[in-house]
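Colleague: quick one: sequence and predicted model below, then my questions.
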Amino acid sequence: MPTAAFEPIHVAPFSDALAARTSELLEDTGVLTEDQLETLVTRIAARPDLWHPLIVVDREHRRYELLYDDDQVDIWVLSWMPGQKTGFHDHDLSNVALICAQGELDEGSLALGLRSDPVRMTPGVTRTGPGGYIHSVAHVTGEPAISIHAYSPPLTCVGQYRADARGRLRREPEQGRKELADSTMPVDASRIEGSHG
């Protein structure tokens with residue numbers, strides 16, 4: 001099936017025109033499941049006319065630009081540069097799906113008492129999780145690398161995981177639209193891998 005040709009749109013960080021185009025890919029189903037979110041981010045990744053205008057090259061901060069939001073879902077385009085990573089976090093009550101659209105990223109996970117190698121995300125690779133899904137994401141290659149993330153219900157809170165002064169794991173709630181800081185936990189790398197973000 002041939003891909004539709006679209007004229008480029010020059011936009012500010014949020015664009016009603018891009019949001020309207022994105023809304024055509026949505027079904028009114030209420031809260032989206034992981035599978036529905038995965039289908040959605042895959043469709044969006046196949047449409048660079050939607051996400052390419054939101055790419056931001058910033059060597060100091062990982063950039064996330066809102067593509068679309070409503071009562072059931074919010075969708076973000078993230079631009080990653082070398083050294084940028086999230087640290088471990090969850091998405092509270094929101095289901096999540098993310099896809100690598102450009103470059104390469106690593107998704108890390110926590111595994112108690114086991115080795116947990118990061119998953120290399122190359123273009124087209126998706127990852128999903130239910131509310132409470134704990135992971136980290138880190139830049140590997142691409143200047144920038146690009147990922148597309150969708151949350152349902154919309155992301156209002158995240159839990160950032162850190163080790164306190166005694167080495168105990170703590171979950172610190174953060175507002176869902178706040179940039180995640182990488183406060184990677186000082187863990188025994190022989191027990192838990194993928195903790196680099």
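Modeller: Sure thing, it's come through.

Colleague: quick check: closest non-adjacent residue to Leu105.
Modeller: Closest residue to Leu105 apart from its sequence neighbours, by C-beta to C-beta, 6 or more residues apart in numbering: Met121 at 4.4 Å. In short, each C-beta sits where N, CA and C put it, glycine included.

Colleague: do Leu25 as well
Modeller: Closest residue to Leu25 apart from its sequence neighbours, by C-beta to C-beta, 6+ apart: Arg43 at 4.9 Å.

Colleague: please apply the same query to Asp164.
Modeller: Arg170 (5.2 Å).

Colleague: helix, strand, or coil at that neighbour?
Modeller: State at Arg170, reduced to three classes by DSSP: H, G, I helix; E, B strand; the rest coil: strand.

Colleague: identify the bridge partners of it.
Modeller: Arg162 (DSSP bridges).

Colleague: contacting residues for it?
Modeller: 161-164 (C-beta atoms under 8 Å, 6 or more residues apart in numbering).

Colleague: for Val57, same thing?
Modeller: Here Val57 is in contact with 79, 81, 143-144 (criterion: C-beta under 8 Å, 6+ apart).

Colleague: quick check, Gly167 in a strand?
Modeller: No. Counting by three-state DSSP, Gly167 is not part of a strand but coil.

Colleague: from Arg62, how far out is it?
Modeller: Applying C-beta to C-beta, to the nearest Å, one obtains 27 Å for the distance of Gly167 from Arg62.

Colleague: for Ser136, same thing?
Modeller: Ser136 sits 12 Å away from Arg62, going by C-beta to C-beta.

Colleague: got any residues that touch both of these two?
Modeller: Joint contacts of Ser136 and Arg62 (C-beta under 8 Å, 6+ apart) are 85-86.

Colleague: so which residue of this protein lies furthest out from the middle?
Modeller: What lies farthest from the middle of the chain is Arg166; by C-alpha atoms, centre = their mean that is 30.1 Å.

Colleague: what residue ranges in this structure are flagged as low confidence?
Modeller: The chain contains residues with pLDDT under 70 at 1-13, 175-197.

Colleague: how about the helices in it?
Modeller: Along the chain, counting by DSSP state H, helices occupy 16-23, 34-45, 48-51.
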